[in-house]
Structures are given as C-alpha cells and as structure tokens.
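**Student:** sequence first, then the predicted structure, then my questions.
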Amino acid sequence: MHKICAREVKTTGMETAGNQWGGTNFRKRFINFKKMLAISKKYGIKINDRIEKINNQLINSTEEFSKTVNENPSGVALSIKRDNQDILINAVPVLSEDNIYRLGLWVGDSPAGIGTVTYYNPQNNSFAALGHGINDIDTGNILSVKSGNILNCDILSVSKSSKGHPGEINGAFDCNTIGNISINSQIGIYGNMSCDEFSSDNAIPVAAKEQICESEAYILSDVIGQKTEKYSIKINKITNDSDKGLIIEITDPRLIDCTGGIVQGMSGSPIIQNGMLIGAVTHVFVNSPTKGYGTLAENMIDMTNTID
C-alpha cells in the first residue's frame, strides 16, 4: 500500500466563522463572517480558483498564504489560475476579531490518504494509482495538482465495511518518496517513479475491453500487512462508463472476513483475469460493500502514455 499526497493551493471562496472567530458571541461572529465573505465576492474570487502567486511570489502552503496576507494590510496581488486562464486580482484584507488581516477565503492544500499503486510501466518509468481522482472535500471537484508524492505505507489495522458504513485501511507511512504525481484525473493519479521500488520481471499484458469476460477474476492487495496476496472476485458487468467500466463483487471469504468487502485504501488494487491486467478497484457500493466499481486498465494506460 502507498500513502498518496497531492499538494496545491486553491480557494473555495470563504473561510468558516468557527476557524476565525471562536470565543466571540454568535451575532458578532456572524456579522464578521458576512464581512469577510463580502471581501471575496467584491474582488471576484471564485470557488476552485487556484492561487499560484501572491505579490509575484510562489505560494507553497496555506500557512505561507495567511502569513503574507497578514503582513500586507495595504493590499496583495493574487495571481490566479481559473479554467486555464491567468487572472490577476488586487485585494485589500481586513482586520478580523483575532487581530489578523484576512481576505475572507477558505484555502486548502496537501490532501493525503492511503491508496494502492495499480501498475508500473517500465517503458517510461510511469505509474498509475487509485483508479479514481482525488477530489476537493468541499466541492467534490477534481483537484488540480501542482505537485505530489507517493510513499510506502505499513498497514496497521482495517476498519471493516458494513452496510451503510464504508470501512478503511489505517496505516503509517515513511518519509521516503518513491514517486512523483503529475496528473490527477477521473480515472486515477499518474506520475513517475523516483526509485527502484518496482521491477519489470513480472510484467503482464493489458487487456482490451473486448477481451474481458463477465466471470471470475482476482485482485492483488496487501490489506494484511506487507504481503501482497490474490483475492478472488467476480466481474458482474462490463459497462460503457468511461471511469466505472466494471461492476465487481468480492467473493474471497478471507478478504470478506478481514475487510467486510471493499474498503477505502483498496482503491487502485489491480484486477487480473486470464493473465491480463483488466482494471483497478475504484469504489465500494455503500449499501452492499462486497460489491463496487472498477475502471478499465486500457483507459489508464492511455493516460500513462501522456506522461513524459
């Protein structure tokens, strides 16, 4: 398993009142919240804008952003990327109740989580992972990735899935980067390996969609410690969906006993049928956790081939 960490700086248009004005009475806090929100609206800053520079200096973290705003009460110049357009916005912060100058923005960076590397392509030293994108927790939109890393992860425990309650893998990751993320898309994250973590000795072919059968298959997963094992599944249906092309069902009693089915952190687990890579596990059916979606490997390969 690998810990996934993608970094960026973006805005979602507001800061929450609780983060800024704790300890004041509700009415004053609400008034100040509206005042802060009005600032972002005044200057035309929108949800999903990505702040790349402030006063012509690159921004690498939310802490750096807040510090720069507070140190420039007379105004800041924001270099924003919006729908592939470069926009320059000049904004003047206001003094909040906690005596800090703010712009009324909720900014976020560096989401992180546990996932699985699906494959390594020795032809261009690239990798694919997750099988689905990393989304903004507030808006649900795919995050625009500036940079990111993958790291090794030791599995500590598994919270089992049950009907209505998806489980998750809990782990601890080391500080050694083994790969760099350059693409975050609907069908996974992609990038290049930065070490010799993977070997090409056990390479297998990638199946085209028409080679996949609605029958038995297996996934590779290491939900129990560091050992990767095969677990039986069934391909219930092949769909025309571009990012959810497979409907799968876990049938291996060992995996069901350990995880209850599909859990968060198994995303990206490779699906193999007839000696070929056919896809990756992506989603769990919340009300039927032994079932879920997979994405097609041939689509993931097409994405990998765009990496330099």
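**Tutor:** Sure thing, it's come through.
**Student:** now do the same contact list for the residue nearest to Ile183 when sequence neighbours are not counted.
**Tutor:** Using CB to CB, 6 or more residues apart in numbering and skipping residues adjacent in sequence, the residue nearest Ile183 is Tyr190, 4.1 Å away. Where C-beta positions appear, they are placed from N, C-alpha and C, glycine not excepted. Contact partners of Tyr190, counting by CB atoms under 8 Å, 6 or more residues apart in numbering, are Ser126, Phe127, Ala128, Ala129, Ile181, Ser182, Ile183, Met303, Thr304, Ile307.
**Student:** out of those residues, grab the one that's most surrounded.
**Tutor:** Ala128 (28 neighbours; other CB atoms under 10 Å).
**Student:** is it true that Asp257 lies in a strand?
**Tutor:** No. Using DSSP: H, G, I helix; E, B strand; the rest coil, the assignment for Asp257 is helix, not a strand.
**Student:** what's the local residue count around it?
**Tutor:** Asp257 has 9 neighbouring residues, counting by other CB under 10 Å.
**Student:** distance of it from Ala172?
**Tutor:** Shown here: Asp257 relative to Ala172, a distance of 24 Å by CB to CB, to the nearest Å.
**Student:** cool, Asn72 as well?
**Tutor:** Distance, Asn72 to Ala172, using CB to CB: 39 Å.
**Student:** between these two, which one's more packed in?
**Tutor:** The neighbour comparison of Asn72 against Ala172 (other CB under 10 Å) goes to Asn72, with 16 against 11.
**Student:** I'd say the more buried one and Pro93 touch.
**Tutor:** Yes. Assessed by CB atoms under 8 Å, Asn72 is found in contact with Pro93 at 7.4 Å.
**Student:** find residues that contact each of those two.
**Tutor:** Residues touching both Asn72 and Pro93 (CB under 8 Å, 6+ apart) are Tyr101.
**Student:** tell me the helices in the stretch 201-308 of the chain, going along the chain?
**Tutor:** Secondary structure of the stretch 201-308 of the chain (DSSP state H, counting those that start in this stretch): helices located at 253-259, 297-304.
**Student:** right, so these: which one is the most enclosed?
**Tutor:** Highest mean neighbour count of those: helix 297-304, a mean of 20 (counted as mean count of other CB atoms under 10 Å).
**Student:** residues in contact with it?
**Tutor:** For helix 297-304, the surrounding residues in contact (CB under 8 Å, 6+ apart) are 118-119, 121, 124, 126-128, 131, 183, 185, 187-188, 190, 206-209, 242-243, 245, 270-271, 277-280.
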